[in-house]
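**Student:** Take this sequence and fold it.
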Amino acid sequence: MKTRNGFTLIEMLVVIGIIVTLMAASMAGYAKITATAETTRARELVSNVTTALTSLYNREGQWPKRIVSGASGEYKLDENAALPLATKNYLSLALADGKLSGYDKFGVVTPWAVTVLKRAGKDANKTTKVGAKTIEEHILRYVIDDDGDGFVDVPSIETGVGGVKVRATACVWCCSKDGSFKKKDIIKSWTNGQEVR
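**Tutor:** Numbers count the residues shown, from 1 in each chain. Okay, the predicted model is just below:
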């Protein structure tokens with residue numbers, strides 16, 4: 001009687017097919033978990049910056065000039081606006097010669113931009129691409145209660161004009177992974193209950 005020493009072609013194809021199917025299923029699950037983790041990191045960052053801004057105001061009794069001037073215009077938490085948070089150790093941002101440095105040298109940016117900055121290293125600048133947009137779009141935005149009335153005037157996220165009043169000392173928001181500021185995509189520090197119509 002003849003003994004077999006191996007697999008037939010059909011058996012090999014079946015095994016390969018099963019392995020490919022399992023890999024495809026696991027990759028889809030991994031991509032979803034990764035996307036959820038990145039969004040969670042962005043939410044934590046927005047929350048941490050809001051807490052840092054509020055703590056700074058509570059400790060100082062007023063907003064530092066850099067924070068106030070940084071809150072005007074495009075509402076970006078740029079290098080100057082982020083500096084008081086770093087010097088007071090509210091956020092763990094690297095400081096060199098009194099300026100923000102390292103991966104976050106442009107201010108506080110989204111986790112998606114940080115990943116790109118790590119890859120690009122010293123060659124990175126504000127125009128470095130993060131998907132279809134640039135690092136410039138991935139800088140966190142913020143507004144503060146600079147008149148001390150207990151409300152923050154948040155501009156319309158999509159248009160930059162109009163907007164809502166929010167019961168807060170500071171409000172922070174960031175874009176989604178694709179750099180979009182559409183209302184359903186943004187990650188914000190306030191809830192609908194805090195908004196005053």
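**Student:** C-alpha from now on. contacts and neighbour counts both.
**Tutor:** OK.
**Student:** Sketch out the strands for the protein, chain order is fine.
**Tutor:** Remark: strands assigned in the chain by DSSP state E are 95-96, 99-100, 129-130, 133-134, 141-144, 151-154, 164-167, 170-174, 187-188, 195-196.
**Student:** Output those strands in a markdown table, with distance to Glu79, mean neighbour count and mean pLDDT appended to each entry.
**Tutor:** Output for these, formatted as a markdown table (distance: least, Cα to Cα, whole Å; neighbours: other Cα atoms under 10 Å; pLDDT from 0 to 100):
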| stretch | distance to Glu79 | mean neighbour count | mean pLDDT |
| --- | --- | --- | --- |
| strand 95-96 | 11 | 12 | 81 |
| strand 99-100 | 6 | 20 | 82 |
| strand 129-130 | 19 | 18 | 90 |
| strand 133-134 | 17 | 16 | 92 |
| strand 141-144 | 12 | 26 | 94 |
| strand 151-154 | 21 | 22 | 90 |
| strand 164-167 | 25 | 18 | 90 |
| strand 170-174 | 16 | 26 | 94 |
| strand 187-188 | 20 | 22 | 91 |
| strand 195-196 | 29 | 14 | 84 |
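**Student:** Out of those, which gets nearest to Ile33?
**Tutor:** strand 187-188 (17.8 Å; Cα to Cα).
**Student:** Dump the strands of the chain to CSV, plus distance to Leu56.
**Tutor:** Formatted as CSV, these follow (distance: least, Cα to Cα, whole Å):
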stretch, distance to Leu56
strand 95-96, 18
strand 99-100, 18
strand 129-130, 31
strand 133-134, 29
strand 141-144, 12
strand 151-154, 16
strand 164-167, 18
strand 170-174, 11
strand 187-188, 19
strand 195-196, 23
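**Student:** For Tyr30, find the nearest of those.
**Tutor:** Comparing the strands of the chain by Cα to Cα, strand 129-130 comes nearest, at 21.0 Å.
**Student:** so how far is Glu60 from Val172?
**Tutor:** 20 Å (Cα to Cα, to the nearest Å).
**Student:** among the strands of the chain, which is nearest Thr8?
**Tutor:** The nearest among these, by Cα to Cα, is strand 129-130 at 48.3 Å.
**Student:** Can you pull out the low-pLDDT segments for this protein?
**Tutor:** Low-confidence segments of the chain (pLDDT under 70): 1-4, 158-162, 197.
**Student:** what's the single longest helix in it?
**Tutor:** The residue-count maximum for a helix in the chain (DSSP state H) belongs to helix 9-60.
**Student:** for the residue nearest the centre of the chain, what are its contacts?
**Tutor:** Centroid-nearest residue in the chain: Thr110, 2.6 Å away (criterion: Cα atoms, centre = their mean). Each residue near Thr110 by Cα atoms under 8 Å, 6 or more residues apart in numbering is listed here: 42, 45, 138-140, 174-175.
**Student:** Save the residues you listed as JSON lines, and put in distance to Leu53 too.
**Tutor:** JSON lines is the format used below for the contacts of Thr110 (distance: Cα to Cα, whole Å):
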{"residue": "Ala42", "distance to Leu53": "17"}
{"residue": "Leu45", "distance to Leu53": "12"}
{"residue": "His138", "distance to Leu53": "19"}
{"residue": "Ile139", "distance to Leu53": "16"}
{"residue": "Leu140", "distance to Leu53": "13"}
{"residue": "Cys174", "distance to Leu53": "15"}
{"residue": "Cys175", "distance to Leu53": "19"}
